[in-house]
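Peer 1: Have a look; sequence and predicted model below, questions after that.
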There are 6 protein chains.
Amino acid sequence: MINSVEKADVLIEALPYMQKFAGKTIVVKYGGNAMVSEELKRNVIQDIILMKYVGMRPVVIHGGGPEITAMLRQLGKETTFTGGLRITDPETVSVAEMVLVGKINTEIVTLLNQYGGRAVGLNGKDADLIVAQKHWAKVTENGKTKEADIGMVGDVDRINKGILLTLLDQGYIPVIAPIGVGLKGETYNINADSVAGEIAGALAAEKLLLLTDVEGIYRDYQDKSTFVSTLSFGEAQEMIQSGSIDGGMIPKVEACIQALKKGAAKTHIVDGRQPHSLLLEIFTNKGIGTEVVKE
Amino acid sequence: MINSVEKADVLIEALPYMQKFAGKTIVVKYGGNAMVSEELKRNVIQDIILMKYVGMRPVVIHGGGPEITAMLRQLGKETTFTGGLRITDPETVSVAEMVLVGKINTEIVTLLNQYGGRAVGLNGKDADLIVAQKHWAKVTENGKTKEADIGMVGDVDRINKGILLTLLDQGYIPVIAPIGVGLKGETYNINADSVAGEIAGALAAEKLLLLTDVEGIYRDYQDKSTFVSTLSFGEAQEMIQSGSIDGGMIPKVEACIQALKKGAAKTHIVDGRQPHSLLLEIFTNKGIGTEVVKE
Amino acid sequence: MINSVEKADVLIEALPYMQKFAGKTIVVKYGGNAMVSEELKRNVIQDIILMKYVGMRPVVIHGGGPEITAMLRQLGKETTFTGGLRITDPETVSVAEMVLVGKINTEIVTLLNQYGGRAVGLNGKDADLIVAQKHWAKVTENGKTKEADIGMVGDVDRINKGILLTLLDQGYIPVIAPIGVGLKGETYNINADSVAGEIAGALAAEKLLLLTDVEGIYRDYQDKSTFVSTLSFGEAQEMIQSGSIDGGMIPKVEACIQALKKGAAKTHIVDGRQPHSLLLEIFTNKGIGTEVVKE
Amino acid sequence: MINSVEKADVLIEALPYMQKFAGKTIVVKYGGNAMVSEELKRNVIQDIILMKYVGMRPVVIHGGGPEITAMLRQLGKETTFTGGLRITDPETVSVAEMVLVGKINTEIVTLLNQYGGRAVGLNGKDADLIVAQKHWAKVTENGKTKEADIGMVGDVDRINKGILLTLLDQGYIPVIAPIGVGLKGETYNINADSVAGEIAGALAAEKLLLLTDVEGIYRDYQDKSTFVSTLSFGEAQEMIQSGSIDGGMIPKVEACIQALKKGAAKTHIVDGRQPHSLLLEIFTNKGIGTEVVKE
Amino acid sequence: MINSVEKADVLIEALPYMQKFAGKTIVVKYGGNAMVSEELKRNVIQDIILMKYVGMRPVVIHGGGPEITAMLRQLGKETTFTGGLRITDPETVSVAEMVLVGKINTEIVTLLNQYGGRAVGLNGKDADLIVAQKHWAKVTENGKTKEADIGMVGDVDRINKGILLTLLDQGYIPVIAPIGVGLKGETYNINADSVAGEIAGALAAEKLLLLTDVEGIYRDYQDKSTFVSTLSFGEAQEMIQSGSIDGGMIPKVEACIQALKKGAAKTHIVDGRQPHSLLLEIFTNKGIGTEVVKE
Amino acid sequence: MINSVEKADVLIEALPYMQKFAGKTIVVKYGGNAMVSEELKRNVIQDIILMKYVGMRPVVIHGGGPEITAMLRQLGKETTFTGGLRITDPETVSVAEMVLVGKINTEIVTLLNQYGGRAVGLNGKDADLIVAQKHWAKVTENGKTKEADIGMVGDVDRINKGILLTLLDQGYIPVIAPIGVGLKGETYNINADSVAGEIAGALAAEKLLLLTDVEGIYRDYQDKSTFVSTLSFGEAQEMIQSGSIDGGMIPKVEACIQALKKGAAKTHIVDGRQPHSLLLEIFTNKGIGTEVVKE
């Protein structure tokens, strides 16, 4: 049991972080295991509410992989492939949108409100928040790399941050589904890490926190002793090019790079499997996971 | 072809209505055929944008019946009944939410933005906009009327209009899916007419416009000569009790009554099958459909 | 007769122009026949009110030639000349001021208010709106050009736009008589086109609309086929220098040039003899008259 | 010669009055000799500017009798009478408007601006400031009192003070010509004292100061020892009814009564023939003229 | 050692209290041992800074007894008595003011600023914050109770809270020395508990926290088992009258009563000898000390 | 006796100065005889209040020499010296702080409030207004100049003007004691002239007025005919270097130079022994004392 004095000590230890981040925007990419386990989910929600109450301006971007797949299966929708890549045809993107916007987003919003926040769900179509364009995948076939049409997958073209500022200034917590809108009104599914990076950049966020299912980045994944606490901008780009950052981590590191380029101050890849990892990253000086920083 | 002078005359004819409704809130319930025909859909969108541009504050609430049914069928979800009433079990309400919030709402938002508006989609969970409680249906069995549990169907308990005012004051057009949130975070499907009536009341709207698939109200539906242009509050209640207003029209008239009770100034039941019926109702003195008014 | 659908079409046609000009300042020089015919007068008033109600910020500058002449005649005031130019002696400028400020201006203000506007009359003395200095006319005598003293005729020296912004921001329509004030408080009569140009420039107006009694500019006035729809800045200056723009039109074209130089976006010379020509210029894509533009 | 210490004493003596009236509205009716003598004119202007600079909110209403008469004579306009009363026919009211708005008002505005103020001229038509209705004069003929039609003479029906507040809040000095506008846009000439009283009431002015050409009110005009420094509301009404207040003074006392009834705090009848009488009334404790107060 | 999860738990436990008190005013009377021990002093400062950073509006009132006595002794100032009560003669009150305002207050302000706050020192003379009047002590001599003149000791007559609101709204922490100002500018020494109570009332504070050197209130001071956690308004008054609240505690309980009467929501007598007792009272549900509440 | 017309003349003479200085910040260094004589004290207070009421923003910095010395003597505190310079040891600076902040400052604040101002006392510790660093004195011993440690005497390092702007914008008069705070919270005594100069610079004051006990600056103090009305920046620096400005005047002239360098517009050395010298300097064109100006 923690006694009163210890409690006080913990709160006092958090004070400098409260001071440092007061009024600052914190962008959280919420995904992975932290969206599956009921307890981790509650932890993340509480952490975000705490940020809000000590004066930060949290913004949440969420993913939603497994539930989209489950719904596609339930609808008997068969997935087609090109050069080994899954194609997001119009029906698929429509299902993805329904699940992301009409199921996962509303659930997160509801949880935040249950815990005392005032959350508002958004997607890229609201006030044209995320204007997107078609993403052309790179496919290597017979040693040649070419661009492949994988359907309604998008890249962020422009963030119209007005609606975010309106909501943040009034004390709301925006919760964003990674759906983009094309110039002709078409729907694009976008990688949630990438959306989080772009939004952190557009808002000149103090921090981008990407929840993952790993401890962070290793120089050599086989060797736990090669864990990297801090990665510079340049090193991160090098490690991607040299292939020493593995597949699933690439979009996360690229999101960090993009966020830093566009104006965010700091980015962190945080282990979402650890309870209250967001809170510990913010309120204690013991760094958690890997941070990617400008210099 | 209309010549220049005639064009000018039409614009000048609209002037007094622009003056009258400047800065006023207009709540539109969008549903029925006007959501099906591509041309009617475009007309409604243009009408709403026009309202916005001449200085009104439109708010849109939409329904979504057929698409929910189609999705349920596609998912192989069987509907169960109690006392002849369809039961909205948790899985059903989840599908309804997905379709309303993640498909119909995003489509309307996108269309409004394509036509130059700045629309933002909402549902009752956003900032607890629509707090709901369980609706107990009245079932008559063997001559006895009793309350039946038909699942996750809700009644509006309270409208938290803060988020609407935040958005309206910043020039956004709120588009609302009729999903309510219970005190424990549960999801309720609510009749869209009823939501529109409550929101019109809460915002003290100048007008509630309910789009329907009929001309308006008849004292006797068989006899087209009994069309009613204006119905008083009291008469409307009487006609419901006497049974002279038929089934599908009852929730619409009740929405009008509720809106007027809670603070709306005027309510209209408008034929959505007629092109630009919203615009003609607002900008010309030729009344369209039936209006239900306080006195 | 125009039917409902056609009415709706006209309003919908106007929509993009409403969107384009929302919040923009439109400066109207009101003069010529449009100030004489009761019907044209009513048309102009309605057009200005319509601009206001769809969200523009109209500013009106008026002339007043014939009524000043009539009053001078009624007072038995003889006009003197120098080198063929009429001299505005102190008594004449005082009569001009009385008629412009105390008769024409109040009449326009009253009409705008009768039609639902909130107009406020101004002249250059109010809050030193139009600071003027003596205009020295160019007189050619015996082949020599020299400057002639024609009395209390002024050129605009400086526009103090503060009072205009105060009124526009509060939703009033400023109506301005072309009287300027000198540094010692003396009264100057100024050409109304010139005042309109300077004010359009100072307000960085979206449009300057000059009502005239001709269709617009012709390259050759004899030949109706040489009508010019769009004139560039440079061409306009050339045509003045080459003499191909005739006498009465020169101050109008110069007002356009001045407005564009000082910050206005576009200028138009519009035929005020055509009913609702302002409105048609603003709300339809069929250009009316000649526009003078920067490039 | 006044020495430095005496100068300082005078300024220090004024201090409590500056404190007392800071931010308060002072309505000045400017008329009589103070509008004729160049020196008195300059004095009044300086006094008003001083009020403004020490933080008061002065509002000026002016008359204009002699100049209107002169202009009517110059135009050869014959005056007609009914029951001994001059009739203000439409042509006469138009001349009155021209002279008041286009000559006297602009001159006062210019003088105030020359002395460092930011004055803006207004008349009752601007933003419908003074809505008026026909005044029916009481004529006694053959011992019978009846109402006589004396033309376009008006009574104040309603003051729309919005434009005054807009200007006062932005630091301008409103200067108002006593012209009213009827519901159909017609022009009314109104007694300037009466306009001043109504405006002082509508603005809940701290003071109404009426400049006159007498020392103030005497109980008996023959006997200078009967001078009245302070008159209560009730006494003033009695003296009017008993006839002990003479003709020219009646509208002034009635203006005071009206101002007090509608919300002004204090009213003063001040001798405008004495230099700087406004300033002395405001900044010294030696009362000048007669004050009419509520109790 | 506390581990990460426990740290997170403590922060999460504090969350509901952050939510509850966000934007609320908390008045702290700082005195006793907590002003003597360097460590306790630092604890109190940190606790106040934490309150500030999680969104509360702390206001500090401090006492200063021992230092005033020390300074009087150092100055060789002899204390005189009347009926057993110490007399605060003008020299004494001047020393008290110097020490309170020029030593203790500046020290607290400096400490708060060193720890990251933006504190501003005030006393009752600043903007007439605390208007006081002479306090007449009750002296019982020979069985008779009479009022005794004990010099420049004051009671609060009126709090002018304007300067507090100005500072709080701009994010400053006001630190107030208990010096009052009389109507003639005279200096009064006032009991700091009493000042704290009046200020908590005037600000309608959410909480008044009085730091003392005891655990709280006992029904019987001899018997530790009679500790009172919550005392109602009425009970507190009774206990004072019945004498069961002892001498030193009386002004504290009276300050609570006064605060509640004037508008504060809750008051607490907190043991200042316990480290971080303010913080624990605010952020944990384990009540510390005795609360005096309205019901 | 001054008559009414003369009174009016004095007020009118002051008008252009009111206009010129409206809204401008005037920094007054209050010290010397004007702090000793009861009448001069009252004069200064009235002058400052007058400045405030005609729309200026006065800021007062005061000294306090004799009272500090008196208190040190009363406390039996011996002064120690180094190289002929008095050493301000920690005990001495603490006494200085007590007297300046807790006695002189509160007295000035109270007087200003008694005369109708809303004054608030400040010292350099409030919101870190005056951040200071140790001042190293220059001592010449045996012909060598070296730096001497004279204790807790400080130089201004940085002015944090936020609290001043907060108070000035809300209409308060800040009264500042010349105590600075070091980076570790230590207390520094600073020359009041120097503080006044730095604050005038930081606020970009319109005027810095330094009250002294002499008429101003003489080129040769023996010869009264060498009085200097206006001194340029450069000349002032020269006169200091050449030694023609004597000891007591040096910090004053340096304060002027510093104020001008940092952004003040004009500085004045004013004879505080003359009644209302501040007021006469501000409101009459007869220059009093010596002004030091940029060019």
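Peer 2: Received it, and whenever you're ready, just let me know what you need.

Peer 1: Residue of the stretch 151-295 of chain A closest to chain E, please.
Peer 2: Closest approach of the stretch 151-295 of chain A to chain E (C-beta to the nearest C-beta) occurs at A:His276, with a separation of 3.5 Å. Bear in mind the C-beta positions are built from the backbone N, C-alpha and C, glycine included.

Peer 1: How about the backbone phi and psi for whichever residue of the stretch 51-200 of chain A sits closest to chain D?
Peer 2: With C-beta to the nearest C-beta as the measure, A:Asp169 is the residue of the stretch 51-200 of chain A nearest to chain D, at 26.1 Å. Summarising the backbone geometry of A:Asp169 under the convention degrees, to the nearest 10, its torsions are phi -60, psi -30.

Peer 1: list the contacts for the residue of the stretch 101-250 of chain A found nearest chain C?
Peer 2: Using C-beta to the nearest C-beta, the closest approach of the stretch 101-250 of chain A to chain C is made by A:Asp128 at 14.8 Å. For A:Asp128, the set of contacting residues under the criterion of C-beta atoms under 8 Å, 6 or more residues apart in numbering or on different chains consists of A:Asn160, A:Val181, B:Asn113, B:Arg118.

Peer 1: So what does it look like in phi/psi?
Peer 2: According to degrees, to the nearest 10, the main-chain angles of A:Asp128 amount to phi 50, psi 40.

Peer 1: That one and E:Thr92, how far apart?
Peer 2: Counting by C-beta to C-beta, to the nearest Å, the separation of A:Asp128 from E:Thr92 is 72 Å.

Peer 1: buried ones in stretch A:199-219?
Peer 2: The neighbour-count check on stretch A:199-219 (16 or more other C-beta atoms under 10 Å in any protein chain shown) flags A:199-203, A:205-212, A:214-218 as buried.

Peer 1: before we move on, what about stretch A:254-264?
Peer 2: Of the residues in stretch A:254-264, those scored as buried under the neighbour-count criterion (16+ other C-beta under 10 Å) are A:Glu254, A:Ala255, A:Cys256, A:Ile257, A:Gln258, A:Ala259, A:Leu260, A:Lys262, A:Ala264.

Peer 1: which element is the first one on?
Peer 2: In other words, A:Glu254. Assigned by DSSP states H and E, A:Glu254 falls within helix A:250-262.

Peer 1: and the very next helix or strand once past that helix, average pLDDT?
Peer 2: Next in sequence after helix A:250-262, counting helices and strands by DSSP H and E, comes strand A:266-271. Confidence over strand A:266-271, taken as the mean pLDDT, stands at 95.

Peer 1: Run the chain-centre distance for strand A:266-271.
Peer 2: In terms of C-alpha atoms, centre = their mean, to the nearest Å, the gap separating the centre of strand A:266-271 from the centre of its chain is 10 Å.

Peer 1: Show me what that strand is in contact with.
Peer 2: With C-beta under 8 Å, 6+ apart as the contact definition, strand A:266-271 has outside contacts at A:197, A:200, A:206-217, A:249, A:252-253, A:255-256, A:259-260, A:277-278, A:281, A:288-293.

Peer 1: again, 6 Å this time
Peer 2: Contacts to strand A:266-271, defined as C-beta atoms under 6 Å, 6 or more residues apart in numbering or on different chains, come from residues A:207-212, A:215-216, A:252, A:256, A:259, A:277, A:281, A:288-293.

Peer 1: Then stretch A:224-234?
Peer 2: Stretch A:224-234 has contacts (C-beta under 6 Å, 6+ apart) with A:Ile217, A:Tyr218, A:Arg219, A:Asp220, A:Leu260, A:Gly287, A:Thr290, A:Glu291, A:Val292, A:Lys294.

Peer 1: ok, 10 Å please
Peer 2: A:215-220, A:235-239, A:244-245, A:253, A:256-257, A:260-261, A:266-269, A:287-295 (C-beta atoms under 10 Å, 6 or more residues apart in numbering or on different chains).

Peer 1: Tell me the one among the buried residues of stretch A:254-264 nearest to chain C.
Peer 2: Of all the buried residues of stretch A:254-264, chain C sits closest to A:Lys262, with 29.3 Å by C-beta to the nearest C-beta.

Peer 1: can you pull the contacts of the residue lying closest to that closest one once chain neighbours are set aside?
Peer 2: Excluding its sequence neighbours, the residue lying closest to A:Lys262 (C-beta to C-beta, 6 or more residues apart in numbering or on different chains) is A:Gly201, at 2.4 Å. A:Gly201 is in contact with A:27, A:156, A:159, A:161, A:208, A:255, A:257-264, A:267, counting by C-beta under 10 Å, 6+ apart.

Peer 1: Can you tell me which of those is closest to chain D?
Peer 2: Set against chain D, the nearest of the contacts of A:Gly201 by C-beta to the nearest C-beta is A:Lys161 (33.4 Å).

Peer 1: How about the contacts made by the spatially closest residue to that closest one that is not a sequence neighbour?
Peer 2: Closest residue to A:Lys161 in three dimensions, ignoring its sequence neighbours and counting by C-beta to C-beta, 6+ apart: A:Ala202, at 4.8 Å. Taking C-beta under 10 Å, 6+ apart as the criterion, A:Ala202 is in contact with A:27, A:129-130, A:156, A:158-161, A:164, A:259, A:262-264.

Peer 1: Could you dump those into JSON lines and include distance to D:Met98?
Peer 2: Putting the contacts of A:Ala202 into JSON lines (distance: C-beta to C-beta, whole Å) gives the following:
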{"residue": "A:Val27", "distance to D:Met98": "67"}
{"residue": "A:Leu129", "distance to D:Met98": "59"}
{"residue": "A:Ile130", "distance to D:Met98": "62"}
{"residue": "A:Val156", "distance to D:Met98": "65"}
{"residue": "A:Arg158", "distance to D:Met98": "59"}
{"residue": "A:Ile159", "distance to D:Met98": "60"}
{"residue": "A:Asn160", "distance to D:Met98": "55"}
{"residue": "A:Lys161", "distance to D:Met98": "56"}
{"residue": "A:Leu164", "distance to D:Met98": "58"}
{"residue": "A:Ala259", "distance to D:Met98": "69"}
{"residue": "A:Lys262", "distance to D:Met98": "64"}
{"residue": "A:Gly263", "distance to D:Met98": "62"}
{"residue": "A:Ala264", "distance to D:Met98": "67"}
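
Peer 1: The stretch 151-295 of chain A against chain E: which residues are in contact?
Peer 2: Proximity of the stretch 151-295 of chain A to chain E is assessed by C-beta under 10 Å from any C-beta of the partner chain, with A:171, A:274-280, A:282-284, A:286, A:288 identified as the residues in range.

Peer 1: repeat that for 8 Å
Peer 2: Taking C-beta under 8 Å from any C-beta of the partner chain as the criterion, the stretch 151-295 of chain A approaches chain E at residues A:Gln274, A:Pro275, A:His276, A:Leu279, A:Leu280, A:Phe283, A:Thr284, A:Lys286.

Peer 1: Can you add neighbour count and give the residues you listed back as CSV?
Peer 2: Compiled in CSV, these are given as follows (neighbours: other C-beta atoms under 10 Å in any protein chain shown):
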residue, neighbour count
A:Gln274, 21
A:Pro275, 20
A:His276, 24
A:Leu279, 24
A:Leu280, 23
A:Phe283, 25
A:Thr284, 17
A:Lys286, 9
